[in-house]
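**Student:** Take this sequence and fold it.
(2 chains)
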Amino acid sequence: MSTRARLVSLTAPAAVILALLGLWEVAAQWDLLADLLNIRDFLVPAPSEIAQALWEERALLAEDAWVTLREVLAGFALALAAGLGLAVLLHLSETARRALYPLLVASQTIPIIVIAPVLVVWFGFGIVPKLLIIALICFFPITVNAYDGLRSVDPELPKMLRTLGADRRQILVRAELPWAAPFAFSGAKIAIAVAVIGAVFAEWAGSNEGLGHLILVSSGELSTALTFAAIAVLSAIAIALFALLALVERRVVDWREEPSR
Amino acid sequence: MVTKLGAPNQEPLTSSAAASDTPGAPPAPGPAIDIRGLEHRYGELAALAGIDLAVPAGEVVGIVGPSGCGKSTLLEIVAGLREQSEGTVAIGVPRTAPDRLPACALMPQRDLLLPWLSALDNAALAPRIAGARRDRARERAQPLFERLGLAGFESARPGELSGGMRQRVAFLRTLMAGKPVLLLDEPFASLDAITRAQMQSWLAGVLADDAHTVLLVTHDVEEALYLSDRVAVMTPRPGRIAATLEVPSPRAPDRAAAVTSPRFGDLRQRALKLLAGGAS
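**Tutor:** Sure thing, here's the model as predicted:
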């Protein structure tokens, strides 16, 4: 990409966001939105008021953000371990594939919002139900993508490795897992983006801390500026985690950008 | 970058893992291959119908035949990747497929280099699988890597190599397995004519330095006649050996002169006639 193209690709979305924020600011300051929605004007905070809330409530937001971040990371890690493990199991064992794959798909038809309160009843207000809810959401894209990656391995590769003396485990480690890595990363990137949403569900179902809890409480108290501030932080966390994962992917899967021949 | 071994290398082209037990002695030619009454079916489909073929120790036997005549199946059976439906395959002694696997090194038609490994690490794959540490495996591959004209490309990824270089890395990977029997499945089919001719001379040089028992499958009659001591012509599916041609002086150093000689022309005519006859 040329410098000019790169500049455009960075400034274009920034300009759109700024323009939208500007429109919002004007609409909120002149009470246009509140009139339109027929609600009290303090319920529609301007971006400047949200920024003010972000600054004034920074200690509270940081504390809750840290809680939510921990839940997200732990849940994601759990999903990653379980998802990759299951993908390998499905790949290696025909029996496991037949027995578990339909179950895996079925698990996604159960709405998480419905399970969340039950898990809170079972495991209490601690981190465990949050971890499980986040892991349940993250687990599916990781497993399915990693499994598809393992299935897509060039069938000639295992043959070649067998003639070099490789056993089943070595074929998995030396060829199949690296081959599937880009697929697994795609799944992980989807998972990390939804993990944050999972954390909010989990906190709504039962929690006394975290950004999801803060959103629930602040909107109940009609402190909409703080609600929006919490949403902004939540969104920033999701974007940062996604970017971090994309960065790790570029470092690990470094053979794809080269010309194929 | 990997440490290069200092001394100019003129040692025989066997990997250090190879079968040469006594250093300095002429390389052992390896066991002979003896295939008797070999048949193979994929379900109802007969792929090979009665192959009898012998490769004396240290010789190269070329197999030419039309597409789909079962050449690749034959190599996979000899390599031990498949068990035949009928007949016996002896490598030294008669062996079942699992016992053939450790005796043969198969170079597949496509190079199948692992894109995430460097060229040198691809070449050193066999010692790594055998349990050697990475440095040690690289050290072993390095002298051969240089002999095959790949010096300077140790850390290049396969995606950065030319087709000819990729084939050489794949060949080196096969050689590094240190097996006495080499099975080459259309090793240069994917290359352009000029590169293919260069690679044939190069392979002739490698085999002159270090004899292996080689089964070479190709659909290129000229390639087979230039590289082999004997060329077996196969019929279309189900494959049988239609005839075997003796090649008087294979692997001549001057490839261009060899393949344009009248005698070579006669042999090529006969081979092509056999191939055409099989098709009718």
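**Student:** Enumerate the beta-bridge partners assigned to the closest residue to B:C69 other than its chain neighbours.
**Tutor:** Leaving aside its chain neighbours, B:C69 sits nearest to B:G239 (4.2 Å; criterion: Cβ to Cβ, 6 or more residues apart in numbering or on different chains). C-betas here are computed from N, CA, C, even on glycine. Listed by DSSP bridges, the beta-bridge partners for B:G239 are B:L48.
**Student:** pLDDT wise, what is B:G239 at?
**Tutor:** Reported pLDDT at B:G239 in the predicted model: 81.
**Student:** Run through the residues that contact it.
**Tutor:** The contact partners of B:G239, taken as Cβ atoms under 8 Å, 6 or more residues apart in numbering or on different chains, are B:A47, B:L48, B:A49, B:I51, B:G65, B:C69, B:G70, B:K71, B:T73, B:L74.
**Student:** could these be laid out in JSON lines, adding pLDDT and distance to B:L148?
**Tutor:** Formatted as JSON lines, those follow (pLDDT from 0 to 100; distance: Cβ to Cβ, whole Å):
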{"residue": "B:A47", "pLDDT": "84", "distance to B:L148": "34"}
{"residue": "B:L48", "pLDDT": "86", "distance to B:L148": "33"}
{"residue": "B:A49", "pLDDT": "86", "distance to B:L148": "38"}
{"residue": "B:I51", "pLDDT": "87", "distance to B:L148": "32"}
{"residue": "B:G65", "pLDDT": "84", "distance to B:L148": "29"}
{"residue": "B:C69", "pLDDT": "79", "distance to B:L148": "31"}
{"residue": "B:G70", "pLDDT": "83", "distance to B:L148": "31"}
{"residue": "B:K71", "pLDDT": "84", "distance to B:L148": "26"}
{"residue": "B:T73", "pLDDT": "88", "distance to B:L148": "29"}
{"residue": "B:L74", "pLDDT": "90", "distance to B:L148": "27"}
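**Student:** Take those and lay them out in JSON lines including neighbour count.
**Tutor:** Compiled in JSON lines, the contacts of B:G239 are given as follows (neighbours: other Cβ atoms under 10 Å in any protein chain shown):
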{"residue": "B:A47", "neighbour count": "22"}
{"residue": "B:L48", "neighbour count": "26"}
{"residue": "B:A49", "neighbour count": "16"}
{"residue": "B:I51", "neighbour count": "25"}
{"residue": "B:G65", "neighbour count": "26"}
{"residue": "B:C69", "neighbour count": "27"}
{"residue": "B:G70", "neighbour count": "27"}
{"residue": "B:K71", "neighbour count": "25"}
{"residue": "B:T73", "neighbour count": "20"}
{"residue": "B:L74", "neighbour count": "30"}
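**Student:** nearest to A:A199, of these?
**Tutor:** B:T73 (55.3 Å; Cβ to Cβ).
**Student:** Could you measure from the spatially most central residue of chain B over to chain A?
**Tutor:** The centroid of chain B falls nearest to B:L184 when counting by Cα atoms, centre = their mean (2.7 Å). Distance check for B:L184 against chain A: by Cβ to the nearest Cβ, to the nearest Å, it reads 12 Å.
**Student:** wouldn't that residue be in contact with B:D220 here?
**Tutor:** No - taking Cβ atoms under 8 Å as the definition, B:L184 is not a contact partner of B:D220, at 12.0 Å.
**Student:** so how many other residues sit close to residue 153?
**Tutor:** No chain was given, so I picked chain A. 18 (other Cβ atoms under 10 Å in any protein chain shown).
**Student:** actually chain B
**Tutor:** 18.
**Student:** now B:R128
**Tutor:** B:R128, neighbours per other Cβ under 10 Å, totals 23.
**Student:** Please name the spatially closest residue to it (chain neighbours excluded).
**Tutor:** B:A137 (4.7 Å).
**Student:** Which SSE is immediately downstream of the helix or strand hosting B:Q142?
**Tutor:** B:Q142 is part of helix B:134-147 when elements are defined by DSSP states H and E. Using DSSP H and E, the helix or strand that directly follows helix B:134-147 along the chain is helix B:163-176.
**Student:** Counting by contacts, list what that next one packs against.
**Tutor:** strand B:104-107, helix B:119-123, helix B:125-129, helix B:134-147, strand B:181-185, helix B:193-209 (3 or more Cβ pairs under 8 Å, 6 or more residues apart in numbering or on different chains; DSSP states H and E).
**Student:** now that helix: how far from the chain's centre is it?
**Tutor:** Mean C-alpha position of helix B:163-176 versus that of the full chain (Cα atoms, centre = their mean, to the nearest Å) differs by 11 Å.
**Student:** hang on, B:A57 is in a strand, isn't it?
**Tutor:** No - counting by DSSP: H, G, I helix; E, B strand; the rest coil, B:A57 is not part of a strand but coil.
**Student:** my guess is it meets B:P31, correct?
**Tutor:** Yes - at 6.0 Å, B:A57 counts as touching B:P31 under the criterion of Cβ under 8 Å.
**Student:** These two: which is more packed in?
**Tutor:** The neighbour comparison of B:A57 against B:P31 (other Cβ under 10 Å) goes to B:P31, with 19 against 16.
**Student:** Excluding chain neighbours, give the residue nearest to that one in space.
**Tutor:** B:G92 (3.3 Å).
**Student:** What are the phi and psi values at the one you found?
**Tutor:** phi 80, psi -70 (degrees, to the nearest 10).
**Student:** Tell me who's in contact with the residue nearest to the centre of chain B.
**Tutor:** B:M107, B:T174, B:V214, B:L215, B:L216, B:V217.
**Student:** Could you count how many residues lie near the residue of the stretch 1-150 of chain A found nearest chain B?
**Tutor:** Nearest residue of the stretch 1-150 of chain A to chain B: A:G149, at 13.3 Å (Cβ to the nearest Cβ). A total of 23 residues lie near A:G149 under the criterion other Cβ under 10 Å.
**Student:** just checking, next helix/strand downstream of the helix or strand hosting it?
**Tutor:** Element membership for A:G149, per DSSP H and E: helix A:127-151. Following helix A:127-151 in sequence order, the next helix or strand is helix A:156-163 (DSSP H and E).
**Student:** Go through that next one and flag the buried ones.
**Tutor:** A:L157, A:P158, A:K159, A:M160, A:L161, A:R162, A:T163 (16 or more other Cβ atoms under 10 Å in any protein chain shown).
**Student:** what comes up buried for the helix or strand just after it?
**Tutor:** Where DSSP H and E defines the elements, the next helix or strand beyond helix A:156-163 is helix A:168-171. Across helix A:168-171, burial judged by 16+ other Cβ under 10 Å covers A:Q170, A:I171.
**Student:** With adjacent residues omitted, what lies nearest to B:V61?
**Tutor:** B:V55 (4.4 Å).
**Student:** Identify the bridge partners of the one you found.
**Tutor:** B:I33.
**Student:** and B:G178, how far is that from B:S67?
**Tutor:** Computed as Cβ to Cβ, to the nearest Å, the B:G178 to B:S67 distance reads 32 Å.
**Student:** nope, A:A74 is what I was after
**Tutor:** 57 Å.
**Student:** ditto for A:A188
**Tutor:** As judged by Cβ to Cβ, A:A188 and B:S67 stand 43 Å apart.
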